[in-house]
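Asker: Mind looking at a prediction? Sequence and model below.
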Amino acid sequence: MTYSGFREVEIAEMAVQIVRECDLSQSTADEMLSMMRTFYNGYRFSRRAKEPVYNPALALYFLEEFQRECRYPDEILDSNLAIDRGKMHYISQLPKGRELIFDALTEKKPVRVRRLADRFGVEDMLHARKDTGFVASLLYYFGILTLGGMTPFGELILRIPNLVIRKLYAEQIQEMLLPEGEAKLDGKILGTMDRKALRALPAVQARQREAEAGLARYREKLERKFGDLLRLHSFGVIAVGFERLVFS
C-alpha cells in the first residue's frame with residue numbers, strides 16, 4: 001500500500017505563489033501555512049520519516065479555493081471527508097472499535113500495537129479476529145491514525161494526525177452517544193428538554209435498559225461474593241451527548 005503527502009516546503013512554495021497572484025502580503029502566506037499546518041499536517045507513514053506530511057486532497061482543496069477567490073475557503077473541510085466519516089462509522093461497529101475511538105480522542109491511554117496488520121482481504125475482514133491491533137491498523141491504513149512514536153518496549157504508538165481528523169472522532173463519539181437520529185439534537189435543544197422528555201428519547205431508553213441489565217449482572221456477582229455485607233444501592237447514568245446526564 002502506497003501513501004503520499006506534501007512536505008511543508010512544498011505547501012509553503014504554493015502558498016507564496018498564490019499570494020503573489022492575488023497581490024496579497026507575505027504575512028498572508030505565513031498565516032495560510034500556519035492554518036494548513038493545524039488542520040492538514042501531521043501524517044507519518046514510516047518510522048524513518050524526518051518530517052510529517054500534509055493530507056494532499058485537503059491541502060489542494062484549500063489552495064485551489066484560495067487561488068480562485070483570493071481569500072480563505074468558507075469551509076475548512078470539504079466533501080472528501082464524507083468517505084472518512086463512513087470509515088469511522090464502520091470502525092465504531094467493530095469489536096474494540098468504540099473503545100479505541102474514545103482512547104484516541106482523549107489521549108489518556110495511548111493507542112499502541114506490536115505491529116500493524118497488513119492483510120485486509122475479504123476473508124480477513126469477515127473472519128479475522130477483530131482485536132485492538134486489527135482495528136487500530138485499519139484506522140492507520142484509512143489515514144485516521146498515524147505513527148506517533150514507539151514505546152520503550154518496541155510497540156508502535158498511533159495518534160490522531162491533525163484537527164480535521166480530531167473533529168471526525170468527536171463527531172463519531174457524538175453519534176455513538178446519540179444514535180438513531182438523536183445526534184441531530186443540538187446542545188441548545190438538549191439544554192431546554194426536561195428530564196421526562198429526555199427519558200422518552202428512544203436512544204436514552206435503549207441505553208437505560210443496557211445499564212440496568214449490566215447493573216443487575218454486576219450486583220449478582222458482588223452479592224454472591226460478599227453476601228449482604230455491602231448493602232448495595234445501584235444507579236445508572238446515561239450521557240446524552242456532551243450536554244446532559246440522565247440518572248436512574
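Answerer: Ah, there it is.

Asker: Going by C-alpha atoms from here, please, whenever you check contacts or count neighbours.
Answerer: Noted.

Asker: List the contacts of the closest residue to Leu163 other than its chain neighbours.
Answerer: Excluding its sequence neighbours, the residue lying closest to Leu163 (Cα to Cα, 6 or more residues apart in numbering) is Phe39, at 4.9 Å. Contacts for Phe39 (Cα atoms under 8 Å, 6 or more residues apart in numbering) come out as 162-164.

Asker: For the top helix by length along the chain, name the packing helices and strands.
Answerer: If you go by DSSP state H, the chain has its longest helix at helix 202-226. When contacts are defined as 3 or more Cα pairs under 8 Å, 6 or more residues apart in numbering; DSSP states H and E, helix 202-226 packs onto strand 237-240.

Asker: can we see that at 7 Å?
Answerer: Contacting helix 202-226 under the criterion 3 or more Cα pairs under 7 Å, 6 or more residues apart in numbering; DSSP states H and E is no other helix or strand.

Asker: Using the three-state scheme, assign the residue nearest to the spatial centre of the chain.
Answerer: For the chain, the residue nearest the mean C-alpha position is Tyr169 (2.0 Å; Cα atoms, centre = their mean). Following DSSP: H, G, I helix; E, B strand; the rest coil, Tyr169 is assigned to helix.

Asker: OK, contacts around it?
Answerer: Contact analysis of Tyr169 by Cα atoms under 7 Å, 6 or more residues apart in numbering lists 101, 105.

Asker: give the contact list for Leu100.
Answerer: Here Leu100 is in contact with no residue (Cα under 7 Å, 6+ apart).

Asker: Quick check: it is in a helix.
Answerer: Yes - assigned with three-state DSSP, Leu100 falls within a helix.

Asker: number of nearby residues for Lys221?
Answerer: 12 (other Cα atoms under 10 Å).

Asker: tell me the mean pLDDT for stretch 75-94?
Answerer: Across stretch 75-94, pLDDT averages out at 74.

Asker: Endpoints of it, how far apart?
Answerer: In stretch 75-94, first residue to last residue: 31 Å (Cα to Cα, to the nearest Å).

Asker: Look at Ile157 and give its secondary structure.
Answerer: Per three-state DSSP, Ile157 ends up strand.
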